[in-house]
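Student: return a 3D structure for these sequence lines:
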Amino acid sequence: MASGGDNYRKGLRNSVYGLWAGVLDKSDFQNAMSSTIERWLTVAWNEGAAECGISPEELTVEEHRALLNAIDSELGHLSGYADYIIQNSKANGGKRDTVFKRLEGWVRRYQDLTNRAKTMACKDKKLEW
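Tutor: Residues are numbered from 1 along each chain as shown. Have a look, this model is predicted:
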């Protein structure tokens, strides 16, 4: 079974490939990427919190806000990345590896968010009496 991080990478790669190959337009790309980012970064956050015994329903306002800010930060870079992919698209003679290299920075956010959630959630770790 694939991990959340693997699924995140796959979803991102599919969107990037679609735009690079001309199957998706910029709007479709942004919608697909947004959906992938929102879904899988939330999963990453929940995985990190779960390592400290905190369920999604038990997230503090601060933790929830940190997750939303991280997602918003990623979404804020979509248009620039889309432009980069279009400039280096197959139709423009670009190589697929060129746009995929830049994707790895996006993929690393999954583990970053898992770690950030774990750090925040472990401050709220449940104790047994």
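
Student: the lowest-mean-pLDDT helix or strand in the chain: how far from the chain's middle?
Tutor: Ranking every helix and strand in the chain by mean pLDDT, DSSP states H and E puts helix 96-122 at the bottom, with a mean of 94. Its chain's C-alpha centre and that of helix 96-122 lie 7 Å apart, by CA atoms, centre = their mean, to the nearest Å.

Student: same thing with stretch 12-31?
Tutor: Taking mean C-alpha positions (CA atoms, centre = their mean), stretch 12-31 and its chain are 15 Å apart.

Student: which ones are touching the residue nearest to the spatial centre of the chain?
Tutor: By CA atoms, centre = their mean, the mean C-alpha position of the chain lies nearest to Ile37, the distance being 3.8 Å. The contact partners of Ile37, by CB atoms under 8 Å, 6 or more residues apart in numbering, come to 12, 71, 74-75. For the C-beta atoms, the positions are set from N, CA and C on the backbone; glycine is no exception.

Student: of those, closest to Gln30?
Tutor: Of all those, Gln30 sits closest to Leu75, with 8.6 Å by CB to CB.
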